[in-house]
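Trainee: just need the structure, nothing else, for what follows:
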Amino acid sequence: QTTQRAPYSATPEEIHLLACIVYWESGWELAEGQLAVANVVLNRVLSPRFKPKTIERVIYAQGQFSGVVVNGEVSDKFKAVLAMTDEQLNKRGCYDAALLALSGVNNIGDLDFFIQTRKADFTKFTKYTIINNHCFYTYNR
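Mentor: Numbers count the residues shown, from 1 in each chain. Next up, the predicted model:
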């Protein structure tokens, strides 16, 4: 179910970075899955549960997005995605998904994690939804 929240103001660099993580994590997914990934990032930025309060800090937090940061450094593979133009990212709709999420369109509510459905342990989740090949979830800490 899609809801509307207040728009989130982002710089062109933050929009590009958000589109890059969407591409990295769900570039092969349908638009609904891409939007959900963008909303996980924004949910973490907006949540009191998480300390990083910027798109950049959420994305580069150690251990949060597989393969993005390796041994404390941005990986070469993710740097290659960062080097893509917005037009290249949008060939799969990733830039549009980032913009849609930033405009306030939210299709996952307050869910703040995701995992491939085949790897999900549903007994650990407080609530979840499945979109394409990902399970978006939250749990009590």
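Trainee: can we go C-alpha only for contacts and neighbour counts from here?
Mentor: Fine.
Trainee: tell me the SS of the residue of the chain most remote from its centre?
Mentor: Using Cα atoms, centre = their mean, the residue of the chain lying farthest from its centre is T123. It sits 22.9 Å away. State at T123, reduced to three classes by DSSP: H, G, I helix; E, B strand; the rest coil: helix.
Trainee: quick one: pLDDT of it?
Mentor: Residue-level confidence at T123 comes out at 92, pLDDT.
Trainee: distance-wise, check it relative to L30.
Mentor: When distance is defined by Cα to Cα, to the nearest Å, T123 is 27 Å away from L30.
Trainee: coming back round to it: distance check, the residue farthest from the centre of the chain against E56.
Mentor: Look at T123 and E56: by Cα to Cα, they are 31 Å apart.
Trainee: who are the contact partners of the nearest residue to R5 once chain neighbours are set aside?
Mentor: Beyond its immediate neighbours in the sequence, the residue positioned closest to R5 (Cα to Cα, 6 or more residues apart in numbering) is G104, lying 4.6 Å away. With contacts defined as Cα atoms under 8 Å, 6 or more residues apart in numbering, the neighbours of G104 are 3-8.
Trainee: switch to 6 Å and redo it
Mentor: 4-7 (Cα atoms under 6 Å, 6 or more residues apart in numbering).
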